[in-house]
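Participant: Would you be able to build a 3D model of this:
(one chain, ligands or ions: 1)
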Amino acid sequence: AQRLAHQRQLIDKILEPFIMTKAKLKEVEKRMRNEIEIGLQKRTQPKAIVRMLPTFVRATPNGKERGEFLALDLGGTNFRVLYTHVGIRNEGGVQMKSKTFALPTEIIQGTGQQLFDHIVNCITEFQEENNLQGKRLPLGFTFSFPCKQNSLDQGILISWTKGFSASGCVGEDVVRLLREAAVRRKNSDFYVIALVNDTVGTMMSCGYDDPACEVGLIVGTGTNACYMEEMKNVELLDGDDGQMCINMEWGAFGDNGCLNDITTTFDEDVDNHSINPGKQRYEKMISGMYLGEIVRKVLIKLTQQKVLFGGKISDKLNTTGLFPTKFLSSIESDTLGLLQVRAILAELGLKSTCDDTVLVKEVCTTVSRRAAQLCASGIAAVVQKIRENRGLEHLKITVGVDGTLYRLHPHFAGVLKKTVQMLAPECEVTLRLSEDGSGKGAALITAVACRVA
Ligand code: ADP
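Facilitator: Predicted coordinates:
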């Protein structure tokens with residue numbers, strides 16, 4: 001019994017830094033709100049960590065958008081080309097065809113020219129398969145990396161994230177890179193109308209069905225959010241009328257050290273071994289690319305302390321990336337028995353006892369819960385800002401959400417919702433799964449742009 005008590009102490013000591021109290025979450029919300037203001041104000045913007053990038057999207061859909069469009073979705077695990085037909089809402093609304101292409105590591109970490117040539121090759125293949133040659137369709141390019149935009153159809157890549165590192169792209173206009181590749185590959189069957197961040201696509205896609213949707217959120221490989229801000233608060237741009245969607249690039253929250261007091265040694269370890277150390281610190285505590293890694297590091301530590309797996313670490317557990325975030329979803333699933341958890345661990349070469357499986361589940365729950373709670377602090381900061389912008393005591397708002405982690409994790413969405421409610425009781429926030437933001441959303445942005453052009 002004494003040994004057990006001692007073990008429990010060790011476990012608690014390791015997991016304690018992951019526990020978020022309401023006070024801590026309120027503090028994170030306050031700091032996010034502070035970074036939002038820094039990013040919006042002209043004087044402080046050059047030093048902003050949360051970049052608050054204008055997207056030149058000035059309105060959510062009104063349902064009157066029409067036409068045929070192509071869309072590209074680049075920014076995560078896969079690359080997709082889509083064809084979208086936007087028709088009358090009660091005659092089928094938005095219809096789509098799409099094809100997913102693999103993005104080999106040598107492409108995403110090769111040269112920019114290779115990357116964009118590959119993209120155009122995929123477009124060509126898609127057009128041939130769907131008899132779209134010669135149609136010269138307007139195209140919306142969903143490109144989910146931070147870009148500085150000066151117009152809807154231009155964007156200078158600020159930095160790669162999420163494992164991308166193709167050379168010769170940072171500092172360049174990615175729409176120009178795409179257009180140049182189209183010329184090289186002799187494909188003139190499309191023209192680029194809009195560069196779209198996936199958060200904006202997510203908000204727009206949801207906004208087509210729900211006019212209260214004025215926030216977009218992604219929790220997938222990475223995490224990011226956007227929302228409709230008042231033009232008068234966007235000091236970087238002239239004009240005080242109306243609104244503009246702001247791509248927050250909130251994954252970089254914390255890169256100035258403002259979250260250091262809540263990060264754990266495991267977060268630091270994951271960050272140090274990533275391809276962008278010191279960058280995207282908030283994202284690294286929340287998104288799919290990292291949660292599995294955090295859990296893996298905690299499991300190693302617990303094993304070293306002889307609390308887990310009889311003190312024996314397997315080669316697989318010792319290997320970066322071999323504990324993917326989808327394991328958290330399986331292990332935390334309420335319907336999965338301990339035997340099945342054991343089978344997952346066995347696959348990793350780990351011999352587990354019943355106590356081991358319970359503890360592994362506790363670690364997963366602790367790490368994913370913190371992720372959802374931290375994400376909620378960000379959303380609370382955003383919806384409170386919108387409420388104050390409008391001088392309202394009470395705000396009813398919808399957040400369009402996308403991303404595999406949000407979709408498939410058994411508890412992430414629930415914890416997120418509950419925590420937002422606790423942190424922002426003045427706001428009635430509906431989290432709504434967005435249906436194909438990158439495809440449908442990009443098409444809608446393109447459609448709106450074509451309509452008003
Ligand atoms: P992206 O954000 O790049 O468009 P996704 O939304 O598909 O891509 O998210 C991919 C991320 O989702 C990966 O980092 C992966 O770890 C995570 N993921 C995949 N399957 C699951 C799952 N079942 N549960 C939780 N996370 C998952």
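
Participant: State the distance from the residue in the chain that the ligand sits nearest to to Gly437.
Facilitator: The chain approaches the ligand most closely through Gly76 (1.7 Å), counting by Cβ to the nearest ligand atom. Quick note: C-beta positions are derived from backbone N, CA and C, even for glycine. Distance of Gly76 to Gly437, computed by Cβ to Cβ, to the nearest Å: 12 Å.

Participant: quick one: common contacting residues for the two?
Facilitator: Residues touching both Gly76 and Gly437 (Cβ atoms under 8 Å, 6 or more residues apart in numbering): Asp198.

Participant: For stretch 299-318, give the mean pLDDT please.
Facilitator: For stretch 299-318, mean pLDDT rounds to 96.

Participant: which residues are contacting it?
Facilitator: Contacts for stretch 299-318 (Cβ under 8 Å, 6+ apart): 7, 10-11, 14, 266, 296, 322-323, 347-353, 356, 359-360, 363.

Participant: Taking these, please make a ChimeraX selection of just the buried ones.
Facilitator: One line in ChimeraX is enough to select the buried members of the contacts of stretch 299-318, burial here meaning 16 or more other Cβ atoms under 10 Å:
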select :7,11,14,266,296,322,323,348,350,352,356,359,360,363
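
Participant: Just the ones of the contacts of stretch 299-318 in strands?
Facilitator: Judged by DSSP state E, the contacts of stretch 299-318 include no members of strands.

Participant: for this protein, longest helix please?
Facilitator: When the chain is parsed with DSSP state H, its longest helix is helix 354-389.

Participant: After that one, which helix or strand is next? Please name it.
Facilitator: The C-terminal neighbour of helix 354-389 among helices and strands, as given by DSSP states H and E, is strand 395-402.

Participant: Find the least confident helix or strand in the protein, judged by mean pLDDT.
Facilitator: Ranked by mean pLDDT, DSSP states H and E, the weakest helix or strand in the chain is helix 442-452, scoring a mean of 83.

Participant: Beta-bridge partners for the spatially most central residue of the chain, please?
Facilitator: Nearest residue to the geometric centre of the chain (Cα atoms, centre = their mean): Thr223, 2.7 Å. Here Thr223 sits in beta bridges with Val219, going by DSSP bridges.

Participant: which residues touch it?
Facilitator: Counting by Cβ under 8 Å, 6+ apart, Thr223 touches 217, 250-251, 282-283, 286-287, 375, 403.

Participant: Which members of these are the farthest-apart pair?
Facilitator: Greatest spacing in the contacts of Thr223, by Cβ to Cβ: Tyr282 and Gly403 (14.7 Å).

Participant: Can you pull the residues of this structure lying near the ligand?
Facilitator: Residues of the chain lying close to the ligand by Cβ under 6 Å from any ligand atom are 75-77, 218, 220-221, 288-289, 324-326, 329, 403-405, 408-409.

Participant: Distance of the nearest residue to Glu65 once chain neighbours are set aside relative to Met20?
Facilitator: Closest residue to Glu65 apart from its sequence neighbours, by Cβ to Cβ, 6 or more residues apart in numbering: Ala447 at 3.6 Å. Ala447 sits 41 Å away from Met20, taking Cβ to Cβ as the criterion.

Participant: neighbour count winner among those two?
Facilitator: Counted by other Cβ atoms under 10 Å, Ala447 and Met20 do not tie: Ala447 has more neighbours, with 26 against 21.

Participant: Just confirm the more buried one contacts Phe69, I think it does.
Facilitator: Yes - if you go by Cβ atoms under 8 Å, Ala447 and Phe69 touch, sitting 6.5 Å apart.

Participant: Which secondary structure state does Thr142 sit in?
Facilitator: What DSSP: H, G, I helix; E, B strand; the rest coil gives for Thr142 is strand.

Participant: repeat for Tyr83
Facilitator: Secondary structure state of Tyr83, per three-state DSSP, is strand.

Participant: again with Trp160
Facilitator: What three-state DSSP gives for Trp160 is coil.

Participant: and it, what are its phi and psi?
Facilitator: Phi and psi for Trp160, reported as degrees, to the nearest 10, are phi -80, psi 160.

Participant: What's the local residue count around it?
Facilitator: Neighbours of Trp160 under the rule other Cβ under 10 Å: 19.

Participant: show me what contacts it?
Facilitator: Contacts here follow Cβ under 8 Å, 6+ apart; on that basis Trp160 touches 145, 166, 169-170, 276.

Participant: repeat that with 6 Å
Facilitator: Residues in contact with Trp160 (Cβ atoms under 6 Å, 6 or more residues apart in numbering): none are found.

Participant: where does it land on pLDDT?
Facilitator: Value for Trp160, per-residue pLDDT: 93.

Participant: Same question for the one 4 residues further on.
Facilitator: Among the per-residue scores, Phe164 holds a pLDDT of 91.

Participant: so it makes contact with Ile108?
Facilitator: Yes - the criterion here is Cβ atoms under 6 Å, and Phe164 meets it with Ile108 at 4.9 Å.

Participant: where exactly do the strands run in this structure?
Facilitator: Using DSSP E, strands in the chain cover 53-54, 67-74, 78-86, 94-102, 137-143, 147-151, 154-157, 190-196, 213-219, 223-230, 243-247, 395-402, 427-433.

Participant: Export those as CSV, with columns for distance to Ser333 and mean pLDDT.
Facilitator: Shown next, in CSV, are these (distance: least, Cβ to Cβ, whole Å; pLDDT from 0 to 100):
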stretch, distance to Ser333, mean pLDDT
strand 53-54, 37, 96
strand 67-74, 28, 94
strand 78-86, 24, 92
strand 94-102, 26, 92
strand 137-143, 31, 95
strand 147-151, 37, 94
strand 154-157, 38, 96
strand 190-196, 34, 95
strand 213-219, 18, 97
strand 223-230, 22, 98
strand 243-247, 33, 96
strand 395-402, 20, 97
strand 427-433, 19, 98
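
Participant: For stretch 247-266, measure first residue to last.
Facilitator: Between the opening and closing residues of stretch 247-266 lies a distance of 29 Å (Cα to Cα, to the nearest Å).

Participant: Burial check on Gly87, number of neighbours?
Facilitator: The local packing of Gly87 (other Cβ under 10 Å) involves 14 other residues.
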